[in-house]
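>>> Show me the folded form of this:
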Amino acid sequence: MKAYLVFLEVAFEKKHNLIYLLDLINEKEKVGDELYEKLEKLEDYAVEVRYPDEMAEPTFEEATESYEIAEQVKGFILQKIHFANG
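Below you'll find the predicted structure:
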């Protein structure tokens with residue numbers, strides 16, 4: 001997401017907040033509520049995994065869902081950059 005913001009020439013603060021980053025992208029081009037809902041599921045991982053002693057370990061299902069969401073976001077970003085270059 002940060003790479004896409006650089007691509008869009010949008011300045012951003014250096015912090016780990018997925019919703020903040022999506023808000024900045026949304027200012028340039030509208031993104032759907034579905035993407036917000038998906039990223040809200042990942043938001044806690046952005047900080048909590050850095051401090052594993054304080055976080056309950058995710059289940060296999062939670063880890064799988066998180067991975068799938070991350071792949072979807074990655075695909076969304078790559079598609080946007082590709083269309084802009086193509």
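>>> Can you pull up the most central residue in the chain?
Leu18 (4.9 Å; CA atoms, centre = their mean).
>>> residues in contact with that one?
By CB atoms under 8 Å, 6 or more residues apart in numbering, the contact set of Leu18 is 1, 39, 42-43, 46. From N, CA and C alone the C-beta is placed, and that goes for glycine too.
>>> I'd like the next helix or strand past the helix or strand of the chain with the lowest mean pLDDT.
The weakest-scoring helix or strand in the chain, judged by mean pLDDT, DSSP states H and E, is helix 45-48 (a mean of 63). Once helix 45-48 ends, the next helix or strand along the chain (criterion: DSSP states H and E) is helix 60-85.
>>> So for Ala63, what's the pLDDT?
Looking at Ala63, its pLDDT is 88.
>>> do you know how far it is from Glu57?
To Glu57, Ala63 is 9 Å away according to CB to CB, to the nearest Å.
>>> Mind checking which of the two has more residues around it?
Ala63 (12 against 7; other CB atoms under 10 Å).
>>> Where does pLDDT dip in this structure?
Low-confidence segments of the chain, defined by pLDDT under 70: 46-56, 84-86.
>>> Write a ChimeraX command that selects only the buried members of the contacts of Leu18.
Buried residues within the contacts of Leu18, by 16 or more other CB atoms under 10 Å, are selected in ChimeraX with:
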select :1,39,42
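>>> can you name the two of the contacts of Leu18 that are farthest apart?
Met1 and Glu43 (12.2 Å; CB to CB).
>>> gap between Tyr20 and Thr64?
26 Å.
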